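Asks: no sequence on this one, just coordinates:
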């Protein structure tokens, strides 16, 4: 899954897998704030993104596992 966001946490481009992971189409996702799309996680992700931008050091993100049917795998 690929998301490209700006420093305001707005999704600039995405792919179909990333959009489908939240039950949306690419058109429904691009241009939207992650605060609107997944408000429960947006703040944490945004802070991590800004930390990487400011430091210039890559960081392993949150790993989420999905099943072949696109549904989130819970343990």
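Replies: Arrived safely, thanks for sending. Every value quoted in this text rests on a predicted model; they were computed, and no experiment measured them.
Asks: wait, residue 48 sits on residue 59?
Replies: Yes - counting by Cβ atoms under 8 Å, residue 48 touches residue 59, with 6.6 Å between them. Heads up, the C-betas are built off the backbone N, CA and C, glycines and all.
Asks: looking at the two, which is more packed in?
Replies: residue 48 (13 against 9; other Cβ atoms under 10 Å).
Asks: distance of the more buried one relative to residue 3?
Replies: Going from residue 48 to residue 3 by Cβ to Cβ, to the nearest Å gives 12 Å.
Asks: let me see the mean pLDDT of stretch 12-23.
Replies: The average pLDDT within stretch 12-23 is 92.
Asks: what's the end-to-end length of it?
Replies: Length of stretch 12-23, first residue to last, Cα to Cα, to the nearest Å: 18 Å.
Asks: for stretch 28-40, same thing?
Replies: Length of stretch 28-40, first residue to last, Cα to Cα: 18 Å.
Asks: give the buried residues for that stretch.
Replies: 29-30, 34-35, 37 (16 or more other Cβ atoms under 10 Å).
Asks: can you tell me which two in the residues you listed are farthest apart?
Replies: Maximum pairwise distance among the buried residues of stretch 28-40 (Cβ to Cβ): 15.1 Å, between 30 and 35.
Asks: show me what counts as buried in stretch 20-30.
Replies: Counting neighbours by 16+ other Cβ under 10 Å, one finds that the buried residues in stretch 20-30 are 20-21, 24, 29-30.
Asks: before we move on, the earlier item: adding distance to residue 10, pLDDT and secondary structure, write the buried residues of stretch 28-40 out as TSV.
Replies: Compiled in TSV, the buried residues of stretch 28-40 are given as follows (distance: Cβ to Cβ, whole Å; pLDDT from 0 to 100; DSSP: H, G, I helix; E, B strand; the rest coil):
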residue	distance to residue 10	pLDDT	secondary structure
29	10	96	helix
30	9	97	coil
34	8	91	helix
35	9	94	helix
37	10	92	helix
